[in-house]
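Trainee: dropping a prediction and its sequence here:
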Amino acid sequence: MALKDIANLMLNLHQSAMAEQLEKEHQQSAELMHKQAERDRQHDQAMKDLLGQQEKDRANRDKSLREVTKELGKLKKEARKALRQKPKPRGATRRKGKSLVNKPRNEQKKPRSQQEVLMAKLLVQKQREEARLKAIADTRQDIFECRKAAEALAPGVDSWATYCQLAALKERISKVDVRWLTELTDKEYHDQTLVIWNRKYSDLLPDWSDAARAAAEDLFALLPVTTGRIQALQRFLAETKGVSLSEASLVDQVEEISVSIHQIEALLPSIPRVEKESLPGWPLINQTGRGLILRHRHNMFVFRCAVLIAKADGPVDKLEAKFLNALGVKIHLTPGEVVTLIKETESVSRPDFAGDTDSARTILKHLLLCASVDGKIDEQERFALLRIASVLGLEDEEVTRIESEIRGAAS
């Protein structure tokens, strides 16, 4: 067979394969268009059914209200007629054109007539019916808006923004009171909305596993709680500055914030394509939250060091206890926490301190002032100061130099 014939045969085979592929793609496209048209038709039919049901309910409500109003009008007429025909009570006198006076005591408060009682019951029934019909209409409107929002969901600027849209809509759907969806079509409409939401979740975040979804759900609930705790602690510090506390504990609040931050950082690796910086409120959590934690731990370290200095020469006396209580108020410790720390503090360690050399010198200077509160620094207090200076990373000569500066300033 000639090369030309072989080439023509291969070309024919290629053209046949291409024609079959195009035909197959055309059939698939036609099937997809048919399915989409069927879904659109079902959606349009569901919308027509919903609107028709709402119109029907509105007509029934108007009819029910007209009947109740008509019945109330009849009862009012009967009540007025009965009142006009009511005989004048004994013992009553009538002034010129005015109401009855001087009624006997047992006739001043008359029980309501049967007509009045029935009128009151019908009025209550009318109000309940109006409330019920309004609740049904509002619930249908809510689920209708949720359905529209679910169909309009689109990718956000990043994965977390997309998930926030999905989570907010899911929370909105969950708040719909399904007890008012009495009609079967309404319940089906609600279920279809959840199906659309799940399909959108899979389409917009296809690489999220069940574990990632569970982690994202926990993170979505934890973020506002953490930012709320940080803001509450900021307000707490501003309102209680310099005030002796009796019940509130700063220690518990700082510990809750610390645990929340660790939980957020533990959840993030399980969620694909989500960075810390994209989380709402992360600057507040990372900067303000961590700053509050570090400041509190620094203050606790200083207080424990002060306790060690006060206990170095024996039990804490009244003057030293007064100084420690004043220091506790300044760093927002409750009186009970001050007493507990005085009893339990026996030593400090390097991990408790997270400051630099300048912070260490400042702490040592404050501790020297604490040690000299009784007018002198004895050998036990000096030994405790040297131990603390070693923990802070300072040499013994630094203690002597700072002590000389304090004496020079005092003289």
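Mentor: Thanks, I have it.
Trainee: how is this structure partitioned into domains?
Mentor: Segmentation of the chain into domains, based on automatic domain parsing, reads 116-206, 221-410.
Trainee: doesn't residue 333 lie inside a strand?
Mentor: No. Remark: residue 333 does not belong to a strand; assigned using DSSP: H, G, I helix; E, B strand; the rest coil, it is coil.
Trainee: going forward, the N-terminal residue is numbered 674.
Mentor: Understood, numbering begins at 674; the last thing we discussed is residue 1006.
Trainee: return the member of the domains of the chain having the minimum mean pLDDT.
Mentor: Of all those, the segment with the smallest mean pLDDT is domain 894-1083, scoring a mean of 80.
Trainee: chain center to it: distance?
Mentor: With CA atoms, centre = their mean, to the nearest Å as the basis, domain 894-1083 stands 30 Å off its chain's centre.
Trainee: per-residue pLDDT, residue 717?
Mentor: 68.
Trainee: just to revisit the earlier point, between the domains of the chain, which gets nearest to residue 885?
Mentor: Between residue 885 and these, the tightest spacing by CB to CB is seen for domain 894-1083, at 5.2 Å. Placement of C-beta: from N, CA and C, glycine included.
Trainee: return the set of buried residues in stretch 984-992.
Mentor: The neighbour-count criterion (16 or more other CB atoms under 10 Å) identifies 984-986, 989 as the buried residues of stretch 984-992.
Trainee: before we move on, what about stretch 905-914?
Mentor: Neighbour counts over stretch 905-914 (16+ other CB under 10 Å) mark residue 906 as buried.
Trainee: ok, now stretch 1035-1054?
Mentor: By 16+ other CB under 10 Å, the buried positions in stretch 1035-1054 come out as 1036-1037, 1040-1041, 1043-1046, 1050, 1054.
Trainee: need those residues in CSV (columns: distance to residue 873 and secondary structure).
Mentor: Output for the buried residues of stretch 1035-1054, formatted as CSV (distance: CB to CB, whole Å; DSSP: H, G, I helix; E, B strand; the rest coil):
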residue, distance to residue 873, secondary structure
1036, 56, helix
1037, 61, helix
1040, 61, helix
1041, 66, helix
1043, 63, helix
1044, 67, helix
1045, 70, helix
1046, 68, helix
1050, 72, coil
1054, 69, helix
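Trainee: of all the domains of the chain, which one comes closest to residue 706?
Mentor: Closest approach to residue 706 among those is made by domain 789-879 (18.4 Å; CB to CB).
Trainee: end to end on the closest one, go ahead and measure it.
Mentor: 66 Å (CA to CA, to the nearest Å).
Trainee: now stretch 1039-1059
Mentor: From its first residue to its last, stretch 1039-1059 covers 14 Å (CA to CA).
Trainee: show me where the chain has its helices.
Mentor: With DSSP state H as the criterion, the chain has helices at 676-757, 787-824, 832-847, 857-877, 883-912, 923-940, 955-956, 963-984, 991-1003, 1008-1017, 1030-1044, 1052-1065, 1069-1083.
Trainee: could these go into CSV alongside distance to residue 948?
Mentor: As requested, these are arranged in CSV below (distance: least, CB to CB, whole Å):
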stretch, distance to residue 948
helix 676-757, 36
helix 787-824, 27
helix 832-847, 8
helix 857-877, 18
helix 883-912, 12
helix 923-940, 12
helix 955-956, 9
helix 963-984, 17
helix 991-1003, 39
helix 1008-1017, 38
helix 1030-1044, 31
helix 1052-1065, 36
helix 1069-1083, 43
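Trainee: so which of those helices is the most packed in?
Mentor: helix 963-984 (a mean of 20; mean count of other CB atoms under 10 Å).
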